[in-house]
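Chemist: show me the folded form of this:
(2 chains)
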Number of protein chains: 2
Amino acid sequence: MKRSNFDKSKKSDKSEKSAEAPFALFYRINQAIRDRRLFKPNQRILIAASGGQDSICLIKILNQLKSQWNWQLGIAHCDHLWQIDSFYAASHVSQLAENLNIDYYQCITTKVFNNEEKARLWRYKILEQIASSHDYTAIVTAHTASDRTETFLYNLLRGTGPDGLQSLSWKRKLKSGIRIIRPLLSTTRFELTVLAKQLQMPLWPDKSNQDLFFKRNLIRKQLLPYLRSFFNPQIDKTIAQLAELLHAETVYMENIAALIRIKAHKKDDTIAELDTSILKTLPLALQRRVLRQFLYHEMRYRFTFTEIERIRILYCNYKKVQKVEMKGTQWVMYLHSNCLTISRT
Amino acid sequence: MKRSNFDKSKKSDKSEKSAEAPFALFYRINQAIRDRRLFKPNQRILIAASGGQDSICLIKILNQLKSQWNWQLGIAHCDHLWQIDSFYAASHVSQLAENLNIDYYQCITTKVFNNEEKARLWRYKILEQIASSHDYTAIVTAHTASDRTETFLYNLLRGTGPDGLQSLSWKRKLKSGIRIIRPLLSTTRFELTVLAKQLQMPLWPDKSNQDLFFKRNLIRKQLLPYLRSFFNPQIDKTIAQLAELLHAETVYMENIAALIRIKAHKKDDTIAELDTSILKTLPLALQRRVLRQFLYHEMRYRFTFTEIERIRILYCNYKKVQKVEMKGTQWVMYLHSNCLTISRT
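Modeler: The predicted structure follows:
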């Protein structure tokens, strides 16, 4: 029986099934790319690779698919100098790029970052610069469904609002017009481990993934195994799906709230006003978002749930002028009958 | 210094502070009732009491506040016959009602329920009947912020969509017009434990709360203490707030989706149609909700995330007629160019 690589016809022989398994995964990821319109034919795509299992698998997968899409691939490795042996990861990636005949870019930080957030910002900036100067229109990261689940739990446990729960999107446009794309968001880390074994890929453990001091590792190594055993073996998948649903809902809510805020927002040099008579007519969910957007827009400060609720309840229930205390800031906030004003002290 | 019960003026003496503490809690709950307009003056209110700590505290709190609101209180105890000693809980509640001179209603099930959900449905039905026949316009339950957090985690781990995360609202109207009201949703179980000690209330442990076979108890006794220690000591509060935010957002999204579904939904006796050309113009979040509402409305079946996504991707990307497989049901689903139809086989 002749069968194309991505033909998903039924198989009865078990050993044959296992031999076909990597192609089943390639097929599924290709389908996700097509269904979600992640890439275009003939596109120039820059793969961000750390050298870990997931990014090496990503390179293999995109390299497998590139001929049918006629993509031009590039690989970039950003070295944060966090591990003494990070040089080996870089040389492994560059060797792979050479073997596959893919352009390779290497960046090394000039200062060592003391937190993950700063390192991440530097990494994305550098990737955007490389993409921009070499005409790549997409930067691809190897984030998986497992990363999505871990990010969801990380933000949930940190105490975030709904917006924090929707991190990691399939595609996101940067200001430069370049897109960040994550084609593995419905693939689990376990599936990539199986793929790596099937393709006999040489891998070594990332030591920074072992340290339980980092909350993300604690989630991966301790919390998730506990939740799988005692609550739900499918927990990774269901949380990743939930994160995706919440992402779309948050995008929608924020867009609607932004339109209303612009309508209700008046401003001159020293004072900013929000028309609370408009807010009062809105559903609760929109009131909270418009209020939060207005305050963030004026003060660049993210108010807590309790603070937003206090202001909301004040303008809904009390008619006389209220001064809202904002200790330690340079702002004063007043609630008049149909107006919330913020001015500098 | 003369001070009213609910005066929250500043105190310097520590012992005095502790003596005043129950009143600080009464003040805060009274404020929540006023701010959220949970009750009206002169209202007839039925308290659902299990006999556990939280419900006994609820009785004490509402009894403390009733004179200034001129409420008429009643207490109902529903006995599921789950514990051999449930009779003692009932007699404790009835004794308390007698001491406080509050009307008391006792209901005992005629059959023992084998799951919590069925017991809950029975309880709410009985409470509504009592309220209806004795002119109570509100049924009050003793759900706390801690219950909200546990319900959130329970549903999250079970693998729910966003709607499952927003359970337990401050007020909800039943079809009869009677409202379910939960005035303790921003109070933690720990605060009630402190109150019970301060008021020297006699309490005994509910044995069914100890059994780790029940997932809810596992969350309370094992998961939450672990999360508090290793991730965030404030986790209970932040999750309860998140549940409240998600509740409002889901209510809003569902209402908008319902309006659109009605517009896009055509129906006769044997066939139901959804106009997918309307769906295609909608933001992703609304597409998913309208589609799910339509399918639930026609088939009374809650489709999974994966099923909804499959249908959505089919009508977005493919123009020729598609038959959507629905194994084991009496329904057939077809996607034509601008139409999703469901008909009975």
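Chemist: with just CA atoms, put stretch A:99-115 into PDB.
Modeler: C-alpha atoms of stretch A:99-115 as PDB (Å, rounded to 0.1, in the frame of the first residue of the first chain):
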ATOM      1  CA  ASN A  99      23.500  19.600   8.900                       C
ATOM      2  CA  LEU A 100      20.100  20.700   7.700                       C
ATOM      3  CA  ASN A 101      21.500  23.500   5.600                       C
ATOM      4  CA  ILE A 102      19.600  26.200   7.500                       C
ATOM      5  CA  ASP A 103      20.900  29.800   8.200                       C
ATOM      6  CA  TYR A 104      22.000  30.200  11.800                       C
ATOM      7  CA  TYR A 105      22.200  33.200  14.100                       C
ATOM      8  CA  GLN A 106      23.900  33.300  17.500                       C
ATOM      9  CA  CYS A 107      23.400  36.000  20.100                       C
ATOM     10  CA  ILE A 108      25.100  36.200  23.500                       C
ATOM     11  CA  THR A 109      24.000  38.600  26.200                       C
ATOM     12  CA  THR A 110      26.600  41.100  27.400                       C
ATOM     13  CA  LYS A 111      25.100  41.100  30.900                       C
ATOM     14  CA  VAL A 112      23.600  38.200  32.900                       C
ATOM     15  CA  PHE A 113      20.000  38.800  33.800                       C
ATOM     16  CA  ASN A 114      18.800  38.100  37.400                       C
ATOM     17  CA  ASN A 115      15.200  37.200  36.500                       C
END
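Chemist: and it, which residues are buried?
Modeler: A:102, A:104, A:105, A:107, A:109, A:113 (16 or more other C-beta atoms under 10 Å in any protein chain shown). For the C-beta atoms, the positions are set from N, CA and C on the backbone; glycine is no exception.
Chemist: which SSE is the closest residue to the last one other than its chain neighbours in?
Modeler: When you say that, I think you mean residue A:113. Counting by C-beta to C-beta, 6 or more residues apart in numbering or on different chains, residue A:119 is the residue found nearest to residue A:113 once chain neighbours are left out, at 4.1 Å. In this structure, residue A:119 sits in helix A:116-133 according to DSSP states H and E.
Chemist: thought residue A:188 was touching residue A:145, still the case?
Modeler: Yes: counting by C-beta atoms under 8 Å, residue A:145 does reach residue A:188; the two are 5.0 Å apart.
Chemist: which of the two has more residues huddled nearby?
Modeler: Neighbours per residue, other C-beta atoms under 10 Å in any protein chain shown: of residue A:145 and residue A:188, the larger number sits with residue A:145, 23 against 18.
Chemist: now do that one against residue A:240, distance only.
Modeler: To residue A:240, residue A:145 is 4 Å away according to C-beta to C-beta, to the nearest Å.
Chemist: now swap in residue A:314 and tell me
Modeler: 39 Å.
Chemist: who's more crowded, those two?
Modeler: More neighbours surround residue A:240 than the other of residue A:314 and residue A:240, with 24 against 16 (other C-beta under 10 Å).
Chemist: quick one: contacts for the more buried one?
Modeler: By C-beta atoms under 8 Å, 6 or more residues apart in numbering or on different chains, the residues touching residue A:240 are A:145, A:146, A:148, A:149, A:152, A:185, A:186.
Chemist: that one should be in a helix, yeah?
Modeler: Yes: under DSSP: H, G, I helix; E, B strand; the rest coil, residue A:240 sits within a helix.
Chemist: the residue in the stretch 1-150 of chain A that chain B sits nearest to - how many residues pack around it?
Modeler: Residue of the stretch 1-150 of chain A nearest chain B, by C-beta to the nearest C-beta: residue A:35 (4.5 Å). Other residues near residue A:35 come to 16 when the count uses other C-beta under 10 Å.
Chemist: name the nearest residue to it, ignoring sequence neighbours.
Modeler: residue B:313 (4.5 Å).
Chemist: buried ones in the host helix or strand of the one you found?
Modeler: Assessed by DSSP H and E, residue B:313 sits inside helix B:305-317. Neighbour-count burial for helix B:305-317 flags B:305, B:307, B:308, B:309, B:311, B:312, B:314, B:315 (criterion: 16+ other C-beta under 10 Å).
Chemist: which of these are close to chain A?
Modeler: residue B:305 (C-beta under 8 Å from any C-beta of the partner chain).
Chemist: which one of the buried residues of helix B:305-317 is nearest residue A:25?
Modeler: residue B:309 (18.3 Å; C-beta to C-beta).
Chemist: name the nearest residue to that closest one, sequence neighbours excluded.
Modeler: The shortest distance from residue B:309 to any non-neighbouring residue, by C-beta to C-beta, 6+ apart, is to residue B:288 (7.9 Å).
Chemist: pretty sure that neighbour sits against residue A:246.
Modeler: No: the pair residue B:288 / residue A:246 is not scored as a contact, 11.3 Å apart, by C-beta under 8 Å.
Chemist: which residues does the residue nearest to residue B:309 contact?
Modeler: Per C-beta under 8 Å, 6+ apart, neighbours of residue B:288: A:245, A:248, B:308, B:309, B:312.
Chemist: got a pLDDT number for the fourth one?
Modeler: Pointing back at residue B:309 there. pLDDT for residue B:309: 89.
Chemist: would TSV of the contacts of residue A:240 with distance to residue A:59 be doable?
Modeler: Formatted as TSV, the contacts of residue A:240 follow (distance: C-beta to C-beta, whole Å):
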residue	distance to residue A:59
A:145	19
A:146	18
A:148	20
A:149	23
A:152	26
A:185	17
A:186	19
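Chemist: quick check: the farthest pair among those residues?
Modeler: A:152 and A:186 (14.5 Å).
Chemist: is it true that residue A:308 touches residue A:292?
Modeler: Yes: judged on C-beta under 8 Å, residue A:308 makes contact with residue A:292 at a distance of 5.7 Å.
Chemist: can you list residues touching both of those two?
Modeler: Common neighbours of residue A:308 and residue A:292 (C-beta under 8 Å, 6+ apart) do not exist.
Chemist: from residue B:312, how far out is residue A:333?
Modeler: 43 Å.
Chemist: out of the buried residues of stretch A:99-115, who's nearest residue A:27?
Modeler: Using C-beta to C-beta, those come closest to residue A:27 at residue A:102, 22.2 Å.
Chemist: quick revisit: what about the residue nearest to residue A:113, how many residues close to it?
Modeler: 17.
Chemist: pull the contacting residues for residue A:130.
Modeler: Residue A:130 neighbours (C-beta under 8 Å, 6+ apart): A:46, A:74, A:76, A:105, A:107, A:136.
Chemist: rerun at 7 Å
Modeler: A:46, A:76, A:105 (C-beta atoms under 7 Å, 6 or more residues apart in numbering or on different chains).
Chemist: skipping its backbone neighbours, what lies nearest the closest residue to chain B within the stretch 51-200 of chain A in space?
Modeler: Closest contact between the stretch 51-200 of chain A and chain B, by C-beta to the nearest C-beta, is at residue A:159 (3.3 Å). Nearest non-adjacent residue to residue A:159, counting by C-beta to C-beta, 6+ apart: residue B:238, 3.3 Å away.
Chemist: now the helix holding residue A:119: average pLDDT?
Modeler: 89.
Chemist: list the buried residues in that helix.
Modeler: Buried-residue list, helix A:116-133, by 16+ other C-beta under 10 Å: A:119, A:122, A:123, A:124, A:126, A:127, A:128, A:130, A:131.
Chemist: near chain B, which residues of chain A show up?
Modeler: Taking C-beta under 7 Å from any C-beta of the partner chain as the contact definition, chain A meets chain B at A:35, A:157-159, A:161-162, A:215, A:218, A:227, A:230-232, A:234-235, A:238, A:241-242, A:245-246, A:248-249, A:251-253, A:283-286, A:288, A:305, A:313, A:317.
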